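Asks: Fold the following for me, if possible:
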Amino acid sequence: MPKGYNRPMRYDRRRLTAIAMLLLVGAASRAAPVTAEGQATTAGPPRLGESTATPEGVEFFETNIRPVLVERCYECHSGTAKVLQGGLRLDSADGLRKGGDSGTAIVPYKPDDSLLISALRYESLEMPPSGKLPDKVIDDFIKWVALGAPDPRTEAAAGKADAAAPTDPYSHWAYQRPQKSTVPKVTDRAWARSEIDRFIVAKLEKVGVSPSPQAPPRALLRRVYYDLIGLPPTAKELAEFEGDPSDARYEATVDWLLSVPQYGERWARHWLDIARYADTKGYLFEEDRNYKHAYKYRDWVISSFATDRPYDEFIVAQLAADQTGDPACVPAMGFLTLGRRFLNNRHDIINDRIDVVTRGLMGLTVACARCHDHKYDPISAGDYYALYGVFASSQEKARDDAPPMLVEAERLVDPVIFLRGSPGNRGPKVDRRFLTCLAPENKPKPFQHGSGRLELAQTIASRENPLTARVWVNRVWGYLLGRGLVNTTSDFGSRGAPPTHPELLDWLACKMMDDAWSTKRLIRRIVLSSTYRQASNERPECLAVDPENLLLWRANRRRLDLESLRDSVLAAAGRLDATIGGPSVPLTASPFPTRRAVYGFIERQNLPAFFRTFDFANPNTHTPERPQTVAPQQALFLMNSPFVMEQAAHLAARTANTSEGAAAENDSAKAARIALLFQHALGREPTAEESAEALAFVSDVEPPSPATAPQLSRWEQLAQVLLMSNEFAFVD
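Replies: A predicted model of the protein is given here:
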């Protein structure tokens, strides 16, 4: 075992801090936009008259404001009110801002000057007259007005005025089939390499903003490596690309990355978040909580991405593998059967399956209609129980060599609506069928064969379905660009954010279907674009126009996720095991496995702190995208984790095994070893200042240590500092 592993550490904090500051200062200097005079600046709130409908503002309105307006205000203040009270309409943004007989209802950014807030506080008018709203609700309205009263009912997420919400709920944009839009003409033809770029530039030119130049070769190569395979390039690969960053070299690199097995591992992990994958069932009294063969579903997903299984076939296999006639797809049923078991409550299990299918594949929150018609989208309780009947007519079958499998039940279920979601309160009968809002002429036909599960799968995976291709294209775009064209990636309904570039979204969806539903071709098309290759530097003139970067005038800077961070630590230490597939391994228990993190054992009920600290997907439910938090526990893990300490010791030992290593005591040999540490950890040579600080640190005489508290060697401490740096933890 390497020297220093699993022992208490005692650092020379003065020297260590100096080295850490050198590594952190570069990222810190880029953290805030600067003026032309070099002064740091921050973007303030939008000015009055500017749009406030950012995705975050839209989400706040839809979650906290619109439901209250619908439930407590529309009866008297909407177009459907029997008598419009006070001349005030609250069912549109225009009506709300216009106000009524008493004057303007709201003053954006100024809650204390807004008549609506005064009325809710019962300071003048008393609204609603039936009783004062709870303080928490009033506080939400105050916060909403302070944000500028963002209201998506009349604004697009990109911040431009749009038409009022359609009165026909079935005319919502997401329920219409995507059309292959005409690629716009642009003036900046030199930058626009591809059709994607022309869509992006066309939007930028309308607001007088130019796109960013290409990222430096080192940053671009790290970006595409992490996005495609989840691992860093070596120092040699970085140096070679910096020597020849041509389009031809970059394109060849992309093609190679798409061909290696590690690509399947990286992209399978994205899908496992959508599929709420775990190796255990959750709480189940005394029953065995393990899914014995869950890993075979994970391995099937890895293989499917690696071989570029067409996305439509990928969907059908996961919903109806028992009816495809392909024995190799048997593990695919884990998509449905590896969810939480809810104490074996059949109704909750079916609800979970409806949710993962509809949100995961079509971006619709159908599970909201379990107890009543959907409040916002044209999804009825009848739609929900039509799907309920499909899964209730499928029985689960245990297998000795694969995850549990769904097969056709011997007795089919003719579903009825459970009134208020109660199985004991049975309402009208419904057919097993597809969703009304996505059916031709909104008249779905009953499924004809057995449970209808194969018909459901084929209908979801059809070109006629307006959502399936759009939703997947949007997810892929978000994984690569840091944000989806539709920011609410699992909600394309009326509460979701509208697309910032609707024509591009439809164009990409149509191209993917034309390309035989190939995910690899889609990824290749995106990463070869100038849009993807942009530098991530912030530019004050662009921040002033588009502070959220919704129009994509630069690349979004991103931190490594849990899997990439852990795998990169192992890669730097020279210990990453490249074996593909196999049973899951516990990542947090010593001796620490060196498999990639995608093979980690996922305990649904007691997810280890390591996973929670680094924003791992919640395995209890479908996860559209992971949160990105900055918390002290992340830095403390890298400082104190026995796993990181072990890899730091291996990294130090890796450089000592060279002819220029630790055996030689002269400064030249030490400098060469320092350079190797930087190459293995950061993929580059140290600067002169970094080298000098590191040399001074490792050359200090180490004081004698008490036997009860041995310390890591200076070389091991230096290795750990490199693994703790921002440069290591961020993509670029």
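
Asks: For the residue lying closest to Ser130 once chain neighbours are set aside, grab the count of nearby residues.
Replies: In this structure, Ser130 finds its nearest non-sequential neighbour in Arg72, 7.8 Å apart by C-beta to C-beta, 6 or more residues apart in numbering. (Glycine included, C-beta is placed from N, CA and C.) As a burial measure, Arg72 scores 17 neighbours (other C-beta atoms under 10 Å).

Asks: Would you agree Arg72 falls within a helix?
Replies: Yes. Counting by DSSP: H, G, I helix; E, B strand; the rest coil, Arg72 is found in a helix.

Asks: Quick one: residues contacting it.
Replies: If a contact means C-beta atoms under 8 Å, 6 or more residues apart in numbering, then Arg72 has 128, 130, 133 as its contacts.

Asks: Of the residues you listed, which is the most crowded?
Replies: Ranked by the number of neighbours (other C-beta under 10 Å), these place Leu133 first, at 18 neighbours.

Asks: Can you tell me how far that one is from Gly86?
Replies: Distance from Leu133 to Gly86, counting by C-beta to C-beta, to the nearest Å: 17 Å.

Asks: Val413 too?
Replies: 51 Å.

Asks: Check Ala105 too.
Replies: 10 Å.

Asks: Give me the more crowded residue out of these two.
Replies: Per other C-beta under 10 Å, whichever of Ala105 and Gly86 has more neighbours is Ala105, with 24 against 15.

Asks: For that one, grab phi and psi.
Replies: In terms of degrees, to the nearest 10, the main-chain angles of Ala105 are phi -80, psi -40.

Asks: Asp113 is in contact with that one, correct?
Replies: No. Using C-beta atoms under 8 Å, Ala105 is not in contact with Asp113, being 11.2 Å away.

Asks: Tell me which residue is most central in this structure.
Replies: Glu625 (2.6 Å; C-alpha atoms, centre = their mean).

Asks: Leaving out the residues flanking it, which one is nearest to it?
Replies: Excluding the flanking residues, the one nearest Glu625 by C-beta to C-beta, 6+ apart is Thr489, at 5.8 Å.

Asks: Phe434 is in what secondary structure piece?
Replies: Here Phe434 sits in a region with no helix or strand, counting by DSSP states H and E.

Asks: Can you report how many residues neighbour it?
Replies: Phe434, neighbours per other C-beta under 10 Å, totals 24.

Asks: Let me see the contact set for the spatially closest residue to it that is not a sequence neighbour.
Replies: With sequence-adjacent residues excluded and distances taken as C-beta to C-beta, 6+ apart, Phe434 is closest to Pro444, at 4.6 Å. By C-beta under 8 Å, 6+ apart, the contact list for Pro444 reads 386, 431, 433-436.

Asks: 10 Å - rerun?
Replies: Residues near Pro444 by C-beta atoms under 10 Å, 6 or more residues apart in numbering: 382-383, 386, 431, 433-438, 459.

Asks: contacting residues for the nearest residue to Arg121 once chain neighbours are set aside?
Replies: Leaving aside its sequence neighbours, Arg121 sits nearest to Ile138 (C-beta to C-beta, 6+ apart; 6.4 Å). If you count contacts by C-beta under 10 Å, 6+ apart, Ile138 has them with 68, 111, 117, 120-122, 132.

Asks: Likewise for Glu126?
Replies: Contact analysis of Glu126 by C-beta under 10 Å, 6+ apart lists 118-120, 132.

Asks: Which helix or strand contains it?
Replies: With DSSP H and E as the test, Glu126 turns up in no helix or strand.

Asks: try Asp255
Replies: Asp255 belongs to helix 247-259 when assigned by DSSP H and E.

Asks: average pLDDT across that helix?
Replies: Summarised as a single mean, pLDDT over helix 247-259 is 98.

Asks: what touches both of Ala105 and Gly86?
Replies: Listed as contacting both Ala105 and Gly86 by C-beta under 10 Å, 6+ apart are 77, 99, 119.

Asks: Filter those down to the ones in helices?
Replies: Judged by DSSP state H, the shared contacts of Ala105 and Gly86 include Ala119 as members of helices.

Asks: now the shared contacts of Ala105 and Gly86 in TSV, with pLDDT?
Replies: Shown next, in TSV, are those (pLDDT from 0 to 100):
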residue	pLDDT
His77	87
Gly99	85
Ala119	89
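
Asks: what's the closest of the shared contacts of Ala105 and Gly86 to Asp732?
Replies: Nearest to Asp732, judged by C-beta to C-beta, of those is Gly99 at 48.1 Å.

Asks: For the closest one, which non-adjacent residue is spatially closest?
Replies: Ala105 (4.2 Å).

Asks: How much space separates the one you found from Arg72?
Replies: Distance of Ala105 to Arg72, computed by C-beta to C-beta: 15 Å.

Asks: So Pro591 sits against Glu646, correct?
Replies: Yes. Applying C-beta atoms under 10 Å, one finds Pro591 in contact with Glu646, separated by 8.8 Å.

Asks: Go through the contacts of Arg72 and flag which are in helices.
Replies: Per DSSP H, the contacts of Arg72 never map to helices.

Asks: quick one, helices of the stretch 101-250 of the chain?
Replies: 115-120, 135-146, 195-206, 217-229, 235-243, 247-259 (DSSP state H, counting those that start in this stretch).

Asks: Can you add distance to Asn640 and give these back as JSON lines?
Replies: Formatted as JSON lines, these follow (distance: least, C-beta to C-beta, whole Å):
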{"stretch": "helix 115-120", "distance to Asn640": "48"}
{"stretch": "helix 135-146", "distance to Asn640": "38"}
{"stretch": "helix 195-206", "distance to Asn640": "44"}
{"stretch": "helix 217-229", "distance to Asn640": "25"}
{"stretch": "helix 235-243", "distance to Asn640": "28"}
{"stretch": "helix 247-259", "distance to Asn640": "34"}
